[in-house]
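J.: Any chance you could fold what I've pasted below:
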Amino acid sequence: MITLIALIITIIGAINWLVIGICGFNIVSWITFGSAIAARIVYILVGVAGAWLIYFIFRKKGRVDQEFPEKETRERIGE
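T.: Here you go, the predicted structure:
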């Protein structure tokens with residue numbers, strides 16, 4: 001569940017950077033009404049979410065679906 005939340009937060013952060021790059025408009029500043037502290041908290045949350053996803057990738061060794069290797073093994077042995 002925490003990985004899904006981290007993924008959503010990271011996607012939102014990526015969309016914010018896309019909008020900054022294309023339009024020069026910062027969604028985080030707009031949502032936080034220009035509050036530097038609130039914007040900093042949002043950026044910290046996005047960074048922590050990204051760090052969690054990096055940890056998740058290394059922990060799973062690139063595998064997101066743990067059932068995949070089991071299904072493949074069952075098919076090879078004929079179960």
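J.: Look up phi and psi at residue 35.
T.: In terms of degrees, to the nearest 10, the main-chain angles of residue 35 are phi -70, psi 120.
J.: For this protein, which segments count as helices?
T.: Using DSSP state H, the helices found in the chain span residues 2-23, 27-31, 36-60, 67-77.
J.: and those, which is most packed in?
T.: helix 27-31 (a mean of 16; mean count of other Cβ atoms under 10 Å). C-betas here are computed from N, CA, C, even on glycine.
J.: That one: how far from the chain's middle?
T.: Per Cα atoms, centre = their mean, to the nearest Å, the displacement of helix 27-31 from the mean C-alpha position of its chain is 19 Å.
J.: Then stretch 51-61?
T.: 11 Å.
J.: Pop out the phi and psi values for residue 33.
T.: phi 60, psi 30.
J.: on that earlier part again, kindly present the helices of the chain as JSON lines, with separate columns for mean pLDDT.
T.: Below are those laid out as JSON lines (pLDDT from 0 to 100):
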{"stretch": "helix 2-23", "mean pLDDT": "94"}
{"stretch": "helix 27-31", "mean pLDDT": "93"}
{"stretch": "helix 36-60", "mean pLDDT": "92"}
{"stretch": "helix 67-77", "mean pLDDT": "56"}
